[in-house]
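Asker: prediction below, plus the sequence it came from.
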Amino acid sequence: MYSLAPSPAAPRRSRSFAWLICLDLQRDYVVPGRPRYVPANAGVVEACRRVLGHARQAGWRVVHSQERHETAPTLMFGAPIEGLQPLVTESVFFRRGLSAFANPAFASKLSEARGADVHLIGFSLPDTCLATALAARDEGLSLTLIEDAIGTGAAASTAEAARAVLEPHARLTRSALLFAQILELAR
């Protein structure tokens, strides 16, 4: 398991002083027969629902980054996954590059998150999540990837390599541990 506990010296922050990046919560990852579909993504979607629901209830700032689909046949698969659609109060940023930070407006918005807890859920660990997490570090953000709410979308060895690259630069945790930490902070 690759969970890294926060540093004991890290200041405790209120639950509302947190951000959630929702990366590529798009149908292309959950529709059988699509190139990005992996059966395990069904469990990832459920974990994403739990984390997103918690973030909204706790008053976190929620931002969405989605890959821009230019062609009509992929338009319906570029739509958000049912139940994970952005609310009208949540910013949505479209990008052409791997990292969410490829969109300058996203980078500008996330500059507001410096000093806050920033969490990431979505697809796909070996490419877009990895690129976004490394870019977040370059932007001076403290990022936590919620492992069970991130689809690997690739062979286990590729996902394991992506985790190894991330480990020194971002925290990795599971949603149950995140919720347990939040409950402890509330005491």
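Answerer: It's in. Residues are numbered from 1 along each chain as shown.
Asker: got the contact list for the nearest residue to Trp60 once chain neighbours are set aside?
Answerer: Nearest-residue entry for Trp60: Ala18, 4.5 Å, with adjacent residues in sequence omitted and distances by C-beta to C-beta, 6 or more residues apart in numbering. All C-beta atoms are positioned from the backbone trio N, CA, C, and that covers glycine. Counting by C-beta atoms under 8 Å, 6 or more residues apart in numbering, Ala18 touches Ala55, Ala58, Trp60, Arg61, Ala116, Asp117, Val118, His119.
Asker: is the fourth one in a bridge, and if so with what?
Answerer: Going by DSSP bridges, Arg61 is paired in beta bridges with Trp19.
Asker: wait, it sits on Leu110?
Answerer: No - using C-beta atoms under 8 Å, Arg61 is not in contact with Leu110, being 9.4 Å away.
Asker: what about the strands in the chain?
Answerer: Ranges of strands in the chain, per DSSP state E, are 18-23, 61-67, 91-95, 117-123, 142-151, 171-173.
Asker: which other helices and strands contact the second one?
Answerer: So the one you mean is strand 61-67. The contact analysis (3 or more C-beta pairs under 8 Å, 6 or more residues apart in numbering; DSSP states H and E) places strand 61-67 against strand 18-23, helix 41-58, strand 91-95, helix 104-110.
Asker: out of the contacts of Ala18, which two sit at the greatest distance?
Answerer: Largest separation among the contacts of Ala18 by C-beta to C-beta: Ala58 and Val118, giving 14.0 Å.
Asker: between those two, point out the one with more neighbours.
Answerer: Between Ala58 and Val118, Val118 has the larger neighbour count (other C-beta atoms under 10 Å), namely 24 against 14.
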